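>>> what's the 3D shape of this:
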Amino acid sequence: MSSTSPAERSLVLIKPDAVRRGLVGEILSRFERKGLRVEAMETRTLDGDFADQHYAEHVDKPFYPPLKAFMTSGPLVALVLSGDQVIEVVRGMIGSTDGRKAAAGTIRGDLSLSNRENLVHASDSTDSAKREIGLWFPELG
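Just a heads-up that it's a prediction; the model follows:
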């Protein structure tokens with residue numbers, strides 16, 4: 001299906017809790033069934049410095065140390081998705097941050113019972129998508 005506007009991109013991280021629980025395929029298939037395109041995908045384990053770069057705006061906040069410990073606790077899957085209004089579409093698909101409060105039918109609403117271990121991260125704006133994709137996949141920049 002063609003669109004008059006160029007496809008947007010979003011960084012999505014399938015977090016360590018989802019990898020540990022064997023949910024990577026389930027989460028990926030939801031995005032693919034929606035019609036989004038996977039442009040890049042890589043499994044990696046974050047170190048503390050990279051986590052600090054990714055979450056630069058949160059480093060000084062009280063919730064950051066446990067978030068950093070969680071995000072560096074095991075492998076995650078980083079991917080770049082593209083499609084029409086992909087940032088808005090993906091954020092709608094993943095649901096609100098707290099899995100206990102996220103709507104049924106969303107990834108977090110169906111699969112998460114936590115605020116911190118909430119399975120996925122997705123860019124929240126075109127500016128953050130550009131910054132995050134440049135950090136995670138500099139070759140796509």
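>>> got any ranges where the chain has weak pLDDT?
Low-confidence regions of the chain, defined here as pLDDT under 70, cover residues 1-6, 141.
>>> residue boundaries of the strands in it?
Here the chain has its strands, by DSSP state E, at 8-14, 37-44, 76-83, 120-122.
>>> Redo these as a markdown table? Include mean neighbour count.
(Glycine included, C-beta is placed from N, CA and C.) Formatted as a markdown table, the strands of the chain follow (neighbours: other Cβ atoms under 10 Å):
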| stretch | mean neighbour count |
| --- | --- |
| strand 8-14 | 24 |
| strand 37-44 | 14 |
| strand 76-83 | 21 |
| strand 120-122 | 22 |
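>>> May I see these organised as JSON lines, with distance to residue 111 added?
Shown next, in JSON lines, are these (distance: least, Cβ to Cβ, whole Å):
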{"stretch": "strand 8-14", "distance to residue 111": "11"}
{"stretch": "strand 37-44", "distance to residue 111": "19"}
{"stretch": "strand 76-83", "distance to residue 111": "15"}
{"stretch": "strand 120-122", "distance to residue 111": "9"}
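>>> Make sure residue 45 is actually in contact with residue 71.
No - Residue 45 is not in contact with residue 71 according to Cβ atoms under 8 Å; the separation is 9.6 Å.
>>> ok, so what distance separates residue 63 from residue 70?
Taking Cβ to Cβ, to the nearest Å as the measure, residue 63 falls 11 Å from residue 70.
>>> can you map out the helices along this protein?
16-20, 24-34, 48-54, 64-71, 86-94, 107-111, 126-136 (DSSP state H).
>>> mind checking which of the strands of the chain is nearest residue 132?
strand 8-14 (3.9 Å; Cβ to Cβ).
>>> Distance from that closest one to the middle of the chain?
Offset of strand 8-14 from its chain centre (Cα atoms, centre = their mean, to the nearest Å): 6 Å.
>>> That one pairs with which strands?
Applying DSSP bridges, strand 8-14 is found paired with strand 76-83 (antiparallel), strand 120-122 (antiparallel).
>>> Alright, calling it a day.
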